[in-house]
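**Student:** Predicted model follows, preceded by the sequence.
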Amino acid sequence: MTDTTKTTVTGGSRQPTELRMARDALRCLHADLVTGAFAFRPLPPVPEDHVLLRRLPAVVRGPVRRLPQLAAVGLALLLMFVEVAKSFPGDGGPVRALFLGVPLVVMVFRPVGAFWLSLGGMVFTAAVADSAWDAWPWTGVSFVAHLTVMLVVAARTRPRVSAHMWLLTALVGGLVAAADPHRGSGVAFAMAVFSGIALALLLAVRGWRDSRRQVVEQVAVVEEERSRRTLLEERTTIARELHDVVAHHMSVVAIQAEAAPYRVQDPPEELVAALAGIRENAVTALTELRRVLGVVRADLPGDLDGWGPEAPQPTLADLDDLLENVRRAGLEVESVTTGRARPLPQGVELSAYRIVQEALSNTLRHAPGAGARVELGYVPVGLGLRIVNGPPDGPAKASQGAGHGLLGMRERAAMLGGELVAEATEDGGFAVEAFLPVEQAEPAEPVGADGEPA
């Protein structure tokens, strides 16, 4: 016959696979329950942010944080009292009480060592037990004490330790019960079954909580990354639009600097050289801007796919067209302007237009059937905006976006040194209020015919 037993070479000798697996299992058991068994591992207090502590006065939070330790000591005293109370004179009740109570106290500081003390206490009490004991090798109280020690140790160690404790408990209990199967087989079997079920449930709950915590942590990381990515996308969009504005002005500067010498009869050479330097610097800056513009335009969003590289950026002069488009989409919107309308810096007008556009888009998405009102207030120091909508008259569709709207509006306002507030109104609607400051230009001094200040 052919020997089909798998072997492996270890240290120059051929060793059966089963033997190697058994040696590995014993090595793991030794590492889990023997190495550092009585190491100091105190039971941690209740976390400061626990929901139980939040509802208590600050005076009692300190003692309540020690509730796990107090509970272990209290349970030990209670079980010791019950064991002594139910014992008969001369049957060693106080000794048994010590063997079941001491491990519960040691469990607070040295959990794995408490397991060995509890298991050893069972062996000792079973060895000196009177033949009249019905519950043997565990009494009812020691059964509860040993099961409690196992559960606490399992909750504070890796799952593999739980399996090793259960195997040792079942093995030692079975060997002790074999000395008197009539009394011990039922109790030993009950301990193996109940402890196995309890440990399995504990590990299942522990795994479920760990999974939930990992999911919460992962969701937090994803949300943070999404917010960061959204912020970068919004800043890229703003930078793209402002590049268009700056590039336009730099082109105008270059053209005006080139044409200026031809507008003056016999211009001085110094003036011609200065204008040539201005034009050269403007063209250089424009070239660099176009290079950067090519980078930020490399990935246009969907609503800008049809725009050409020279597409003009919208201003408040295009606001009427925007409102008309929104009305055709089904949103009843009115516009009110206060103050004397005047041209504003192109960056301010562009940001104002985008804020109104995004606020109305949010109204269409999140407040179906509601009306909206756009208010523009021109003041000497800036431009005020208020876009408000009423409550929706039906359920809104779930948003599929990443929440760019409010973030983008705040970025635009902050870029100009302004402020933006977005909040719900008392009637169930929503309002976006912003102020975009405008620097006041100093009035130019009148110039006389000879070119000197008048």
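**Tutor:** Great, that's in hand.
**Student:** and residue 433, backbone torsions?
**Tutor:** phi -120, psi 130 (degrees, to the nearest 10).
**Student:** Please, which helix or strand holds residue 387?
**Tutor:** Here residue 387, judged by DSSP states H and E, is contained in strand 382-389.
**Student:** Pull the residues that contact that strand.
**Tutor:** 344, 348, 352, 355-356, 359-360, 363, 367, 370-378, 418, 425, 429-438 (Cβ atoms under 8 Å, 6 or more residues apart in numbering). For the C-beta atoms, the positions are set from N, CA and C on the backbone; glycine is no exception.
**Student:** Look at residue 174 and give its secondary structure.
**Tutor:** Using DSSP: H, G, I helix; E, B strand; the rest coil, the structure places residue 174 in helix.
**Student:** Now do the contacts for the closest residue to it other than its chain neighbours.
**Tutor:** Nearest residue to residue 174 in three dimensions, chain neighbours excluded: residue 188, at 5.3 Å (Cβ to Cβ, 6 or more residues apart in numbering). By Cβ under 8 Å, 6+ apart, the contact set of residue 188 is 137, 138, 170, 173, 174, 176, 177.
**Student:** what do you get if the cut-off is 7 Å, keeping everything else the same?
**Tutor:** 137, 173, 174, 177 (Cβ atoms under 7 Å, 6 or more residues apart in numbering).
**Student:** Which two of the residues you listed have the greatest separation?
**Tutor:** Pairwise distances across the contacts of residue 188 (Cβ to Cβ) peak at 9.9 Å, for the pair 137 and 174.
**Student:** Which one's more surrounded, these two?
**Tutor:** residue 137 (26 against 17; other Cβ atoms under 10 Å).
**Student:** Any chance of the backbone angles for that one?
**Tutor:** When read as degrees, to the nearest 10, the backbone of residue 137 gives phi -80, psi -10.
**Student:** again, but for residue 431
**Tutor:** According to degrees, to the nearest 10, residue 431 has phi -130, psi 140.
**Student:** Quick check: bridge partners of it?
**Tutor:** Per DSSP bridges, the residues bridged to residue 431 are residue 388, residue 423.
**Student:** can you tell me which residues contact it?
**Tutor:** 386, 388, 423, 425 are the contacts of residue 431 under Cβ under 7 Å, 6+ apart.
**Student:** Against residue 330, how distant is the last one?
**Tutor:** Think residue 425. 21 Å (Cβ to Cβ, to the nearest Å).
**Student:** Neighbour count: those two, which is higher?
**Tutor:** residue 425 (12 against 9).
**Student:** show me the contacts for that one.
**Tutor:** 388, 431.
**Student:** Shouldn't residue 198 be within a helix?
**Tutor:** Yes - counting by three-state DSSP, residue 198 is located in a helix.
**Student:** hang on, it packs against residue 149?
**Tutor:** No - here residue 198 does not reach residue 149: they are 11.7 Å apart, not a contact under Cβ atoms under 7 Å.
**Student:** hmm, back to that, pLDDT (mean, whole number) over the strand holding residue 387?
**Tutor:** In this model, strand 382-389 has an average pLDDT of 94.
**Student:** next SSE after it?
**Tutor:** helix 404-415.
**Student:** quick one: that next one to chain centroid distance?
**Tutor:** When distances are taken as Cα atoms, centre = their mean, to the nearest Å, helix 404-415 is centred 23 Å away from the chain's centroid.
**Student:** How about residues contacting it?
**Tutor:** For helix 404-415, with Cβ under 7 Å, 6+ apart as the criterion, the contacting residues are 230-231, 233-235, 238, 351, 354-355, 358, 361-362, 419-420, 422, 432, 434, 436.
**Student:** Next step: those restricted to strands.
**Tutor:** Of the positions in the contacts of helix 404-415, 419, 420, 422, 432, 434, 436 sit in strands, assigned by DSSP state E.
**Student:** what two of the residues you listed are the furthest from one another?
**Tutor:** Checking those with Cβ to Cβ, the most distant pair is 422 and 436, at 14.9 Å.
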